[in-house]
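Novice: Requesting a structural model of the entry that follows:
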Amino acid sequence: MQYKILIIDDDQLVGRSLKRALGKLGYETEVCEDGSRAMESVKSFYPDIVFLDIYLQKYNGISILEDIKKEFIDLPVIMITGFADVNIAVKAMKLGAHDFLLKPLELEHLKLLIERIITNLELKKEVLKLKSIKSEEIITPEFFGKNRKVQILIRSAQKLAKTDTTILLQGESGTGKEEFAKFIHQNSPRANENLVRINCGSIPRELAESELFGHEKGAFTGASQKTKLGKFELADKGTILLDEIGELSMDLQVKLLRVLQEKKFYRVGGEKEISVDVRVIAATNKNLEEEVTKGNFREDLFYRLNVANINIPPLRERKDDIPLLAYSFVDEFSHKFGTAVNEISPEAIELFQNYYWKGNIRELRNVIERAVLLMDEDEKVLGLNHLGFLNALQSKGQEDNYVLKIPSEGIKIDIVLKDLILKTLELTKGNQLKAARILGLSRSKLRYRMEQLGIEVVKKIS
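Specialist: Take a look at the predicted model:
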């Protein structure tokens, strides 16, 4: 797909230079030099990105930005100007501008900025595409992405769903085992019946048998109420998910094995044998083969459960899916909390991809929920400044060894800032985008600081 870029600028030299430069990069470009025709150009050309000058003779670029955002709220608009005015920049960003750039423009930065916007557009399209899948092929956020391992598992789950085979789901906490179970049930012939979940590790041992198989009135102290149906009876004709199956006691493992073999059981205190037709899915974050070797899990039950095995990889083994998962959760919580956030900065994505994620997808989801909840209503980009509660150093595996030495006679802060920026640019060989990432700044903020401190900008186009 060839992306389209509209340049709205009455400076012919700038417009033509940008058109030529962006054309060489493979983009379809059009220039509008007349502010009165700006909206007409947007509607006829239908661009993916707009570069908009703030000063267009008698026309105000800020007013044009407002008009664009009224009709095309998600269209990325980059404001450009030859005059550094912080107040105008702030106003433009509040009105929905994607970024604010000072002339002369740096070609390398433009290239990276456009690539970032396009990546964002493509991720949004992919999220919308996956969310539009028809209900009989329900796919939850845990399935988003193109990771080869996960795609193979999804295809296996789709095939297994059509059978009545017992399935063992294995994977670390938070990898999406319950979502896989839902997916299998929803794509099975039992989809119109109940999916009943029981966490074998969260119920008291003395109540576990009653929870699984029910009890008769008066069967034990506290069972003075009417007969209680267990999870297996509630799941009759449907599916039961035995979550954290590795936590089940040995005596209950024996009774569960009989149910799997004969589809029959007795309620606690009952004398009548009860038959059920239930599809069993078991899930665990333990290595059951190791548990069998240790004597903590029955070997016969393990083989009965392990007819079909789906081993879900941790998030750190599917890093290529992290941006799509993150955008899916941003979309979810932006709607939930009524915020404007619709983008994640490259620095935040990089942090997400390098983070260990001990809690896997569940932890990523919780982190994004917290970040979006704490953002201001008009903020659009989730960045590193919203993720201070994460231990960023964990992702790098490094210690903070930076020491600032201040001379006894004191020093001006501008000198410190200038030296810091110059040394960072030296480290990145002049790459301002990388320098901004290292310093935890947006590219536009770094550029503004450089202008303030008189640091020369290189690789310019006019």
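
Novice: Give me the contacts around stretch 250-265.
Specialist: 166, 208-209, 212-213, 232, 242, 248, 273-278, 280, 297-298, 300-301, 304-305 (Cβ atoms under 8 Å, 6 or more residues apart in numbering). (C-beta placed from N, C-alpha, C; glycine too.)

Novice: do that again at 7 Å, thanks
Specialist: 166, 208-209, 213, 232, 248, 273-277, 280, 297-298, 300-301, 304 (Cβ atoms under 7 Å, 6 or more residues apart in numbering).

Novice: Make a PyMOL selection of whichever of those residues turn out to be buried.
Specialist: To isolate the buried ones among the contacts of stretch 250-265 in PyMOL, judged by 16 or more other Cβ atoms under 10 Å, type:
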select buried, resi 166+208+209+213+232+248+274+276+280+297+298+301+304
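
Novice: Domain-wise, how is the chain divided?
Specialist: Domain segmentation of the chain under automatic domain parsing yields 4-130, 148-312, 317-396, 413-461.

Novice: Comparing those domains by mean pLDDT, which bottoms out?
Specialist: Per-stretch averages of pLDDT across the domains of the chain put domain 413-461 at the bottom, with a mean of 79.

Novice: Is Val280 in a helix, a strand, or coil?
Specialist: Classification of Val280 using DSSP: H, G, I helix; E, B strand; the rest coil returns strand.

Novice: Enumerate the beta-bridge partners assigned to it.
Specialist: Ile240 (DSSP bridges).

Novice: Isn't it up against Thr165?
Specialist: No - with contact defined as Cβ atoms under 7 Å, Val280 does not reach Thr165; the gap is 9.3 Å.

Novice: OK, contacts around Glu126?
Specialist: Leu324.

Novice: Buried residues of the top helix by length along the chain, list them for me.
Specialist: Longest helix in the chain by number of residues (criterion: DSSP state H): helix 107-131. Residues of helix 107-131 classed as buried by neighbour count (16+ other Cβ under 10 Å): 107, 109-110, 112-114, 116-118, 120-121, 123-124, 126-127, 130.

Novice: where's the closest residue to Leu95 other than its chain neighbours, which helix or strand?
Specialist: Leaving aside its sequence neighbours, Leu95 sits nearest to Leu65 (Cβ to Cβ, 6 or more residues apart in numbering; 5.4 Å). Applying DSSP states H and E as the criterion places Leu65 in helix 61-71.

Novice: Helix or strand next in line after that helix, which one?
Specialist: strand 77-81.

Novice: Mind listing residues that contact that following strand?
Specialist: Residues contacting strand 77-81 (Cβ under 7 Å, 6+ apart): 9, 50-55, 61, 65, 68, 92, 97-103, 105.

Novice: From Glu71, how far off is the nearest residue to Gly230 once chain neighbours are set aside?
Specialist: Leaving aside its sequence neighbours, Gly230 sits nearest to Gly214 (Cβ to Cβ, 6+ apart; 3.4 Å). Plainly put, Gly214 is 60 Å away from Glu71 if you go by Cβ to Cβ, to the nearest Å.

Novice: and if you look at Gly61?
Specialist: For Gly61, the distance to Glu71 - Cβ to Cβ - is 16 Å.

Novice: sorry, back to before: for PyMOL, write the select line for the buried members of the contacts of strand 77-81.
Specialist: Buried members of these, defined by 16+ other Cβ under 10 Å, are picked up in PyMOL with:
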select buried, resi 9+50+51+52+53+54+55+61+65+68+92+97+98+99+100+101+102+105
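
Novice: Now intersect the contacts of strand 77-81 with the strands, please.
Specialist: Here DSSP state E is the test, and the contacts of strand 77-81 give Val50, Phe51, Leu52, Asp53, Tyr55, Asp99, Phe100, Leu101, Leu102, Leu105 as lying in strands.

Novice: would CSV of the residues you listed with distance to Glu426 be doable?
Specialist: Compiled in CSV, the ones in strands among the contacts of strand 77-81 are given as follows (distance: Cβ to Cβ, whole Å):
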residue, distance to Glu426
Val50, 35
Phe51, 30
Leu52, 34
Asp53, 33
Tyr55, 35
Asp99, 25
Phe100, 26
Leu101, 23
Leu102, 22
Leu105, 23
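
Novice: what sits against Ile421?
Specialist: Ile421 touches Arg449, Met450, Leu453, Ile455, counting by Cβ under 7 Å, 6+ apart.

Novice: In terms of helix, strand or coil, where does Ile310 fall?
Specialist: Strictly by three-state DSSP, Ile310 counts as strand.

Novice: So which residue of this structure lies furthest out from the middle?
Specialist: Residue farthest from the centre of the chain, counting by Cα atoms, centre = their mean, is Glu271 at 51.7 Å.

Novice: Quick check: the gap between the closest residue to Thr428 other than its chain neighbours and Glu115.
Specialist: Ranked by Cβ to Cβ, 6+ apart and with sequence neighbours excluded, the top spatial neighbour of Thr428 is Lys434, at 4.1 Å. Remark: distance between Lys434 and Glu115 (Cβ to Cβ) = 14 Å.

Novice: what does Glu317 give?
Specialist: For Glu317, the distance to Glu115 - Cβ to Cβ - is 26 Å.

Novice: Run through the helices of the stretch 301-450 of the chain in chain order.
Specialist: Assigned by DSSP state H, counting those that start in this stretch, the stretch 301-450 of the chain shows helices spanning 322-337, 346-354, 360-374, 392-396, 413-427, 432-439, 443-453.

Novice: The residue nearest in space to the middle of the chain: what's it in contact with?
Specialist: Centroid-nearest residue in the chain, with Cα atoms, centre = their mean: Ala326, separated by 1.1 Å. Ala326 is in contact with Ile344, Ile349, Phe352, Leu364, Ile368, counting by Cβ under 7 Å, 6+ apart.

Novice: Tell me the buried residues in stretch 372-383?
Specialist: Of the residues in stretch 372-383, those buried (16+ other Cβ under 10 Å) are Val372, Met375, Glu379, Lys380, Val381, Leu382, Gly383.

Novice: Quickly list what Lys4 is bridged to.
Specialist: Glu28.

Novice: Against His335, how distant is it?
Specialist: Applying Cβ to Cβ to Lys4 and His335 gives a distance of 28 Å.

Novice: For Leu112, which residues are in contact?
Specialist: Going by Cβ under 7 Å, 6+ apart, the list of residues near Leu112 reads Leu433.

Novice: any idea how far Met93 lies from Pro47?
Specialist: Counting by Cβ to Cβ, the gap from Met93 to Pro47 is 20 Å.

Novice: If you count surrounding residues, which of these two has more?
Specialist: Using other Cβ atoms under 10 Å, the more surrounded residue of Met93 and Pro47 is Pro47, with 23 against 19.

Novice: I figured the more buried one was touching Ile8, is that so?
Specialist: No - the criterion here is Cβ under 7 Å, and Pro47 misses it with Ile8 at 9.8 Å.

Novice: what's the angle from the stretch of helix or strand Arg20 belongs to to helix 107-131?
Specialist: Using DSSP H and E, Arg20 sits within helix 12-24. Helix 12-24 runs at 60 degrees relative to helix 107-131, counting by axes from the mean of the first three to the mean of the last three Cα atoms, to 10 degrees.
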